[in-house]
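Asker: Sequence and predicted structure, then a few things I'm wondering about:
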Amino acid sequence: QEEDIMLLSDRKCNTRLFHRKWNPVELSVPDRVMLVEAELDLVTAMLGLPADPSFTETRQRPLAFLSQAREDLRGCMATEALSYQPSGKLRHWLQKLQTAKKTETTGCLEASAIIHIFQVLDDLRCAAFQEQCI
């Protein structure tokens with residue numbers, strides 16, 4: 001019982017990482033790519049953590065797919081990323097993410113990443129569709 005309570009409290013977050021007052025479609029295409037790359041960094045890091053043996057195998061396919069998507073994004077933006085300055089909206093969110101990585105528990109970050117995986121996939125879709133994203 002006490003162990004269950006510890007697990008739940010470890011997953012409680014002080015930061016609502018994936019809650020934003022803006023939609024990725026409002027961002028420029030390079031901003032969308034930077035957004036989803038940061039989200040994918042978090043998600044792949046969390047899926048790569050040691051897990052219960054029953055979950056370890058289950059997470060391998062999504063981890064492989066998301067890792068490949070992240071590498072593909074990095075390849076697309078490699079030359080542009082050196083000089084690109086993100087918008088204020090994105091810069092603020094990236095700062096919030098960096099702060100959360102330093103202050104939130106691993107359990108919180110892991111739960112947030114897994115719960116919001118479909119939002120990350122939708123952000124990836126939006127970045128891929130570029131100007132056609134709706």
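Answerer: Okay, I see it.
Asker: what about the host helix or strand of residue 38, average pLDDT?
Answerer: Taking DSSP states H and E as the definition, residue 38 sits inside helix 29-47. The average pLDDT within helix 29-47 is 92.
Asker: Touching the helix or strand just after it from outside, list them.
Answerer: Using DSSP H and E, the helix or strand that follows helix 29-47 in sequence is helix 53-56. The contact list for helix 53-56 (C-beta atoms under 8 Å, 6 or more residues apart in numbering) reads residue 50. Glycine gets a C-beta too; all of them are placed from N, C-alpha and C.
Asker: Skip ahead from helix 53-56 and say which helix or strand is next.
Answerer: Beyond helix 53-56 on the C-terminal side, the first helix or strand identified by DSSP H and E is helix 60-81.
Asker: give the contact list for the spatially most central residue of the chain.
Answerer: Nearest residue to the geometric centre of the chain (C-alpha atoms, centre = their mean): residue 39, 1.9 Å. Counting by C-beta under 8 Å, 6+ apart, residue 39 touches 120, 123.
Asker: coming back round to it: the helix holding residue 38: how far from the chain's middle?
Answerer: 5 Å (C-alpha atoms, centre = their mean, to the nearest Å).
Asker: how about that helix: buried residues?
Answerer: Buried residues in helix 29-47, counted by 16 or more other C-beta atoms under 10 Å: 30-44, 46-47.
Asker: is it true that residue 31 touches residue 91?
Answerer: No. Look at residue 31 against residue 91 with C-beta atoms under 8 Å: they stay out of range, at 9.3 Å.
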